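1. generate coordinates for the sequence data below:
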Amino acid sequence: MTAPVFPPGRYGRRRASRSYPRWLVPALVGVVVVGGFGVAGKLYTTYGDDHVESRVLRYSVTSDRAVRIEVEVSGPRDTPLKCAVRSRAEDGSEVGRTEISVPEGDSVVTQIVILPTTQRAVSGETAGCVPA
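-> Prediction:
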């Protein structure tokens with residue numbers, strides 16, 4: 001059977017045949033999806049939940065320029081950690097920040113930090129822990 005011959009200009013231009021195989025687009029989509037899952041898995045193992053918790057047990061404003069903060073870090077730690085401790089003013093702005101080092105281990109670690117501030121603080125908090 002031969003292809004039909006249409007009058008020129010009556011039905012518009014005919015499409016050219018594909019220059020790539022039909023399976024190429026689904027294969028490329030599959031590679032991108034598998035690669036995305038691989039990147040997501042790597043990021044989760046690097047930055048995901050490691051079951052380490054840091055919390056403020058108590059804080060007290062000792063003066064207009066300092067805050068005393070008692071921080072507790074608990075959970076299994078394979079590596080030493082650096083935990084950020086900060087203080088905020090009444091308007092919510094950060095007025096003091098420091099990092100504390102926490103050794104590796106499975107126990108609960110409590111540290112007391114005297115945090116110098118740039119103005120009177122009204123709170124003390126932890127801003128999370130990362131591997132040192």
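
2. could you pull out the strands for this structure?
-> 53-63, 66-74, 81-88, 94-102, 109-116, 123-131 (DSSP state E).

3. quick check: domain ranges of this protein?
-> Structural domains assigned to the chain are 20-49, 53-131, following automatic domain parsing.

4. out of these, which is the most enclosed?
-> When the domains of the chain are scored by mean count of other Cβ atoms under 10 Å, the highest mean neighbour count falls to domain 53-131 (a mean of 15). For glycine as for every other residue, the C-beta is placed from the backbone atoms N, C-alpha and C.

5. in contact with the nearest residue to Arg97 once chain neighbours are set aside, which residues?
-> Spatial nearest neighbour of Arg97, chain neighbours left out: Arg86 (4.3 Å); criterion: Cβ to Cβ, 6 or more residues apart in numbering. Residues near Arg86 by Cβ atoms under 8 Å, 6 or more residues apart in numbering: Glu94, Gly96, Arg97, Thr98, Leu115, Gly124, Glu125, Thr126, Ala127.

6. residue nearest the centroid of the protein?
-> Geometric centre of the chain, nearest residue: Tyr47, 6.2 Å, by Cα atoms, centre = their mean.

7. from the contacts of Arg86, which single one is nearest Val52?
-> Nearest to Val52 out of the contacts of Arg86 is Thr126 (Cβ to Cβ; 11.1 Å).

8. could you list every residue that touches that closest one?
-> When contacts are counted by Cβ under 8 Å, 6+ apart, Thr126 touches Ser54, Arg55, Val56, Val71, Cys83, Ala84, Val85, Arg86.

9. now it, which residues is it bridged with?
-> With DSSP bridges as the criterion, Thr126 is bridged to Val85.

10. Ala89: what's it in contact with?
-> Contacts of Ala89 by Cβ under 8 Å, 6+ apart are Val95, Thr117, Gln119, Arg120, Ala121, Val122.

11. need the contact list for the last one.
-> The one in question is Val122. Contacts of Val122 (Cβ under 8 Å, 6+ apart): Val61, Arg88, Ala89, Glu90.
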